[in-house]
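S.K.: I would like the atomic coordinates for the input below:
(2 chains)
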Amino acid sequence: MTADPLLRIEGLSKRFGGLTVTDEVWLDVLPGEIHAVIGPNGAGKTTLINEVSGVVAPDSGRILFGGLDITRLSMPRRIRAGLARSFQITCVLPGFSVLENVALAAQARDGSSFRFLRPVAKEARLNAAAREALDAVGLADRATMPAGALSHGEKRQLELAIALATRPRLLLLDEPLAGAGPEETERLIALLDRLRSDYAILLVEHDMRAVFALADRISVLVYGRVVATGAPAAIRANPEVRAAYLGEDEA
Amino acid sequence: MREWVVPLVLFAGLAAAPFAGFGEGYALTLLARTMILGMAAVGLALLVGGAGLVSLGHAATLGVGAYAVVVLDANGITDATTVLPVAIAAAALFALATGAISLRTSGVHFIMITLAFGQMAFFTASSLAAYGGDDGYTLFSRTEVAGTRLLEDRLAFHYVCLGLLGLTYLFCRAALAARFGRVLRAARENALRVRAVGLDPYPYRLLAYVLAGAIGGLAGVLLANAAEFVAPSYLSWQRSGELLFMVILGGLGSLHGAILGALAYVLLEEWLSHLTEHWRMIFGPLLILSVLFFRGGLAGLLAPRQRR
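M.R.: Residues are numbered from 1 along each chain as shown, chains lettered A, B, ... in the order given. Below you'll find the model as predicted:
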């Protein structure tokens, strides 16, 4: 660990009423790294992603992104700073075409959106950027379909394409494989493996096979607390982790 | 091209109407009123259909525009080059101030707060004793264009209204299809998605609110001129409800629907009130049925069938 981390979470805490969902979490993501966060249901994984992306504000602690303190920035400003996230529950614009979903993200990165006269559907630069992102996730042949008509797995791919079109440095992926069928899972794992060369990724995922196939490092979150961080082999061997989480189905 | 057919026929019909049996004074007055309310409804459709913001106080912007005409008229200022900018700016400022607060809320709270602002404007107008209070105010003169009394000629007024309605429609349609409109439409479907690509919907929604307000102000100037009279009832929440109804009756999916809605609403109201004095007994159920059965509104009925 010699490189400066791209994302650094310092002593982050969050309580909802009496429940501590994030408890003094320290965690970092290095450039080019896939850092996976695993943990049982209710461990606070999605809350952690929400705090980093700006959906909920932490009670204490700091979030540094590329050396910049983003703890108090609004979500749109964090995205413009180079964070991008996908959602556990698919978040696309069902009435927009697949291409337009991605073109909106390209538009957010391409000058002012206070333009009133030129039809945006004909803006070649935005459409080209959108097609490029769709190509990267393998959805190019669905470009003209309404996003609402995509299969579940395709919607997950679309979310990735939207995230890529914001030209991020770090991807926050909240269960990108949730609800995908076996074939779709294979495709998405291969896709995430391709993305690792260009982006740092903070990955929250339940699919252990995917996590151990992809992650450079794994952090285990239990009741809001990081109980272990390390390389996949070390995590697999850690008796505390096995007791707390992995159980019998990951032997 | 297909999506231009209905609006083109609609505007051509309005342009030809004075020479197709609607050239009488009364018919022209009715048509002018329809186009003016249609203009306000197009602005409202930009908000409701485009941005998904249901305002129940839109009549207040018409009222602000109309009362700007009144205040200037009382001070002997009737030239269009002053009246129009002042009235439009007043309505836009009203929308900016009320929108900046209203847009902090959403859903039913947004509806209620726009209603509350509309009622505040209504009671303010009622208490303007210098301008007739509850009784309203009769203009000394219509607004003058280039020193002439052009607007007193019914036919000229018809085409002025039509031209301004056309410009309003074209601008709103272009804005909705441009980058600005894409942000509005996307935020209507899912505001979180828009924030998660790095865009804050708030300033876009606020500008849409101000644009709709400015269009309402312009319609208010024309409404004051059409009647040569302005009263607080122009700002009533019933009027806001009527405008909202025109938009929904016409169809939320398109802007020309708002004009169709205004036409249907005003003409139906007129026709039924000639048939019987209890016309509201028929009008109400008709409106309910139209909403139940024409989900896409009148524009949806007339739209070319979608290819599947």
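S.K.: quick one: the helices in the chain?
M.R.: You didn't pick a chain, so chain A it is. Ranges of helices within chain A are A:45-53, A:75-81, A:98-108, A:124-137, A:152-165, A:182-195, A:208-214, A:232-237, A:239-241, based on DSSP state H.
S.K.: my bad, the chain I had in mind was chain B
M.R.: B:5-16, B:25-45, B:59-74, B:80-102, B:107-126, B:154-177, B:179-189, B:191-195, B:201-227, B:237-250, B:256-275, B:279-293, B:297-302.
S.K.: list the contacts of the closest residue to A:A165 other than its chain neighbours.
M.R.: Spatial nearest neighbour of A:A165, excluding adjacent residues (Cβ to Cβ, 6 or more residues apart in numbering or on different chains): A:A105 at 3.8 Å. C-beta here means a position set from N, CA and C on the backbone, and glycine is covered the same way. By Cβ atoms under 8 Å, 6 or more residues apart in numbering or on different chains, the residues touching A:A105 are A:A130, A:A133, A:I162, A:A163, A:A165, A:T166, B:V197, B:G198.
S.K.: could you do A:F87 as well?
M.R.: A:E159, A:D174, B:L192, B:A196.
S.K.: going by neighbour count, which of these comes out on top?
M.R.: Neighbour tally across the contacts of A:F87 (other Cβ atoms under 10 Å in any protein chain shown): the maximum, 28 neighbours, falls on B:A196.
S.K.: around chain B, which positions in chain A sit nearby?
M.R.: Applying Cβ under 8 Å from any Cβ of the partner chain, one finds that chain A approaches chain B through A:53, A:55, A:74-77, A:79-80, A:84-85, A:87, A:91-96, A:100, A:103-105, A:107-109, A:112-121, A:123, A:162, A:165-166.
S.K.: thinking again about what came up before, ranking the helices of chain B by burial, who's on top?
M.R.: helix B:59-74 (a mean of 27; mean count of other Cβ atoms under 10 Å in any protein chain shown).
S.K.: ok and that one relative to helix B:107-126, angle-wise?
M.R.: 20 degrees (axes from the mean of the first three to the mean of the last three Cα atoms, to 10 degrees).
S.K.: which helices and strands does helix B:59-74 pack with?
M.R.: With contacts defined as 3 or more Cβ pairs under 8 Å, 6 or more residues apart in numbering or on different chains; DSSP states H and E, helix B:59-74 has these neighbours: helix B:25-45, helix B:80-102, helix B:107-126, strand B:137-138, helix B:201-227, strand B:229-230, helix B:237-250.
S.K.: tell me how far the closest residue to B:I101 other than its chain neighbours lies from B:L211.
M.R.: With Cβ to Cβ, 6+ apart as the measure, B:I113 is the residue that lies nearest to B:I101, at 7.0 Å, once sequence neighbours are left out. Counting by Cβ to Cβ, to the nearest Å, the separation of B:I113 from B:L211 is 19 Å.
S.K.: run a quick neighbour tally on A:M145.
M.R.: Per other Cβ under 10 Å, the neighbour tally for A:M145 reads 15.
S.K.: and it, what does it touch?
M.R.: By Cβ under 8 Å, 6+ apart, the contact set of A:M145 is A:S97, A:V98.
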